[in-house]
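# build the 3D model from these lines:
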Amino acid sequence: MGISISDELLGTFAPIVVYWVYSGIYVLLGYFENYRLHSKKDEDEKNLVSKGTVVKGVLLQQIVQAIVAILLFTVTGDEVGAVDGPRSSLFVLARQFITAMLVLDTWQYFMHRYMHHNKFLYKHIHSQHHRLVVPYAFGALYNHPLEGLLLDTIGGALSFLLSGMSPRASIFFFSFATIKTVDDHCGLWLPGNLFHTFFQNNTAYHDVHHQLYGNKYNFSQPFFIMWDRILGTYMPYSLEKRAAGGFEARPTRDYKDD
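Coordinates of the predicted model:
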């Protein structure tokens, strides 16, 4: 007799497992300098926080996310169960996923941008994430606990609720969103990466934001760049080969330090 795992349990813990497995793959690939946006030496020397501290910070955020997910599934169990019936066609799932992506992007853009422009919030909260001057995969969710709650956990809860997806659909959506945000922070420009093909909001795009010159630009995450385009915070860049191997994302126009 097999062990049955509920959709709610999978929806809570699958994204966490995906985060560490996918990050681990990128850690191994990071030893190939020809794929890196920054050298391994820069990763070790320029970042202002140890990898051990990053791991502990991410685990804390994931514990909070798991608690909120369990509470959310418990409270909404009766309502969301209905979408697992005959109406759960591919069209319905696609609509739910697109809605969730737009909700998450909108929430994170405005919260993220506000944390940069509010000096108190940046200094005491958001600057923790920017201790990673050279981003790497498992640092994607390294944030101040309050930021993790506001941006990621509440943003995820809103996208789940407003899209009307079921716990089963959420397994796939949040696992996909996790893979995407890990990819955005991995610091690698890999040939054949489908995220780079289908999303302008990609590893190089977000790397620009982590540099001093891009600190007030490219706020969008994790899927689209529409709000940066609409509100004038988009920084165009070109991808240039570094003499020592790998690539570098360089801005293609002057910027102003607001």
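
# contacting residues around stretch 242-258?
For stretch 242-258, contacts defined as CB atoms under 8 Å, 6 or more residues apart in numbering pick out 33-39, 117, 189, 204-205, 207-208, 213-214, 216-217, 235-241. No exception for glycine: its C-beta is placed from N, CA and C like everyone else's.

# repeat that with 10 Å
For stretch 242-258, contacts defined as CB atoms under 10 Å, 6 or more residues apart in numbering pick out 32-41, 116-117, 187-189, 202-218, 233, 235-241.

# give the buried residues for that stretch.
G246, F247, E248, A249, P251 (16 or more other CB atoms under 10 Å).

# inside strands: which ones of the residues you listed?
Under the assignment DSSP state E, these contribute F247, E248, A249, P251 to strands.

# okay, those residues in TSV with distance to H112 and pLDDT next?
Listed next are these as TSV, based on distance: CB to CB, whole Å; pLDDT from 0 to 100:
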residue	distance to H112	pLDDT
F247	25	94
E248	24	93
A249	19	93
P251	19	90
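
# of those, which pair is most distant in space?
F247 and P251 (14.3 Å; CB to CB).

# rewinding a little: mind putting the buried residues of stretch 242-258 in TSV, distance to V68 included?
Shown next, in TSV, are the buried residues of stretch 242-258 (distance: CB to CB, whole Å):
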residue	distance to V68
G246	38
F247	37
E248	38
A249	34
P251	37
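
# give me the pLDDT for D183.
Note on D183: pLDDT of 97.

# what sits against it?
Here D183 is in contact with 22-23, 26, 137, 140, 190, 193-196, 199, 202-203, 206, 222 (CB under 10 Å, 6+ apart).

# ditto for T233
Taking CB under 10 Å, 6+ apart as the test, what T233 contacts is 109, 113, 116, 209, 214, 216-220, 225, 227, 258.

# L239 now?
Contacts of L239 by CB under 10 Å, 6+ apart are L37, W189, H196, T203, A204, D207, F247, E248, A249, R250.

# from the residues you listed, pick the one nearest H126.
Using CB to CB, the contacts of L239 come closest to H126 at D207, 16.9 Å.

# list the contacts for the residue nearest to I125 when sequence neighbours are not counted?
Nearest residue to I125, sequence neighbours excluded (CB to CB, 6 or more residues apart in numbering): H144, at 4.4 Å. If a contact means CB under 10 Å, 6+ apart, then H144 has G57, Q61, M115, L121, H124, I125, H126, S127, Q128, H129, L150, L151 as its contacts.

# for the ones in strands among the buried residues of stretch 242-258, give me a markdown table that also has distance to D183.
Formatted as a markdown table, those follow (distance: CB to CB, whole Å):
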| residue | distance to D183 |
| --- | --- |
| F247 | 15 |
| E248 | 18 |
| A249 | 15 |
| P251 | 22 |
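
# tell me which of those is nearest to A169?
The closest of these to A169 turns out to be A249 (CB to CB; 34.0 Å).

# drop anything exposed from the contacts of stretch 242-258.
Using 16+ other CB under 10 Å, the buried ones in the contacts of stretch 242-258 are 35-40, 116, 187-189, 202-211, 214-218, 233, 235, 237.

# downstream of the longest helix seen in the chain, the next helix or strand is which one?
Secondary structure of the chain per DSSP state H: the longest helix is helix 51-80. Per DSSP states H and E, helix 51-80 leads on to helix 90-117 as the next helix or strand towards the C-terminus.
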